[in-house]
Every structure is written in structure tokens, then in C-alpha cells.
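In: Sharing a model that was predicted from the sequence below.
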Amino acid sequence: MARQALTDNLWEQLQVTMAQHGCYQKEKNREVMEAILWKLRTGAPWRDIPKELCPWKTAYNRFNRWSKTGLWQNFFWLTKGS
């Protein structure tokens, strides 16, 4: 398993932010978020996301959906202090 980018504390804060943006609890949201962060950290293509994180298409679709809600701007504000 790849190392996690999200601490438990940050994930709890992010879940609140996600709910405020209409990103409701879906199965494996944390794994999908870890996959997206892996992609952003490495600069790799979506299709190269490790299968043990989640299917690349799931990560791609949720990234796009969450982008439209403004979630990423709030996520980066949350992580700014970390």
C-alpha cells in the first residue's frame, strides 16, 4: 500500500468540508482522495494510479466532480497550516 498523504485529523476536517460542498459520503472517499493526491504529487497520468488505491477512472471522475464544487480551494486552505 502506498503511504498515506492524509492524517486522520486532516481527513476528519476534510469530511466536514466535503459535506458543506455537497460531496456526500461515498464508499471509499478517503481511498479516492489518497489516489488523487498521489496523482497530484507524482504528476503521473490518471491511468497510472496504483490499483491498490482505487480505479483510475473513479479518481478522475471524483476529482472533476469535486473541482466543480470548489472543494479543492478549501482543501488547500485546510492543508496550508499542516
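Out: Yep, that arrived.

In: Can you tell me which helices and strands the worst-scoring helix or strand of the chain on mean pLDDT packs against?
Out: Among the helices and strands of the chain, helix 71-80 carries the lowest confidence by mean pLDDT, DSSP states H and E, at a mean of 77. When contacts are defined as 3 or more C-beta pairs under 8 Å, 6 or more residues apart in numbering; DSSP states H and E, helix 71-80 packs onto helix 8-20. In this view, the C-beta of every residue, glycine as well, is placed from N, C-alpha and C.

In: Give me the residues contacting the next helix or strand after the helix it packs on.
Out: Sequence-wise, the next helix or strand downstream of helix 8-20 (DSSP states H and E) is helix 29-42. The contact list for helix 29-42, computed with C-beta atoms under 8 Å, 6 or more residues apart in numbering, reads 2, 4-6, 11, 14-15, 18, 23, 26, 44, 46, 48-50, 53-54, 56, 58-59, 62-63.

In: go on, stretch 55-70?
Out: Contacting residues not belonging to stretch 55-70 are listed as 18, 21-23, 26, 29, 32, 35-36, 39, 46-49, 53, 72 [C-beta under 8 Å, 6+ apart].

In: Looking at pLDDT only, which of those scores worst?
Out: Per-residue confidence across the contacts of stretch 55-70 is lowest for Lys26, with 74 (pLDDT).

In: what about that one, distance to Asp48?
Out: From Lys26 across to Asp48, the span is 23 Å (C-beta to C-beta, to the nearest Å).

In: on that earlier part again, please list only the buried members of the contacts of helix 29-42.
Out: 5-6, 11, 14, 18, 23, 49, 53-54, 56, 58-59, 62-63 (16 or more other C-beta atoms under 10 Å).

In: Switch those over to a markdown table; also include secondary structure and distance to Trp77.
Out: Formatted as a markdown table, the buried ones among the contacts of helix 29-42 follow (DSSP: H, G, I helix; E, B strand; the rest coil; distance: C-beta to C-beta, whole Å):
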| residue | secondary structure | distance to Trp77 |
| --- | --- | --- |
| Ala5 | coil | 16 |
| Leu6 | coil | 15 |
| Trp11 | helix | 15 |
| Leu14 | helix | 11 |
| Met18 | helix | 14 |
| Cys23 | coil | 16 |
| Ile49 | coil | 25 |
| Leu53 | coil | 24 |
| Cys54 | coil | 25 |
| Trp56 | helix | 27 |
| Thr58 | helix | 25 |
| Ala59 | helix | 22 |
| Arg62 | helix | 20 |
| Phe63 | helix | 18 |
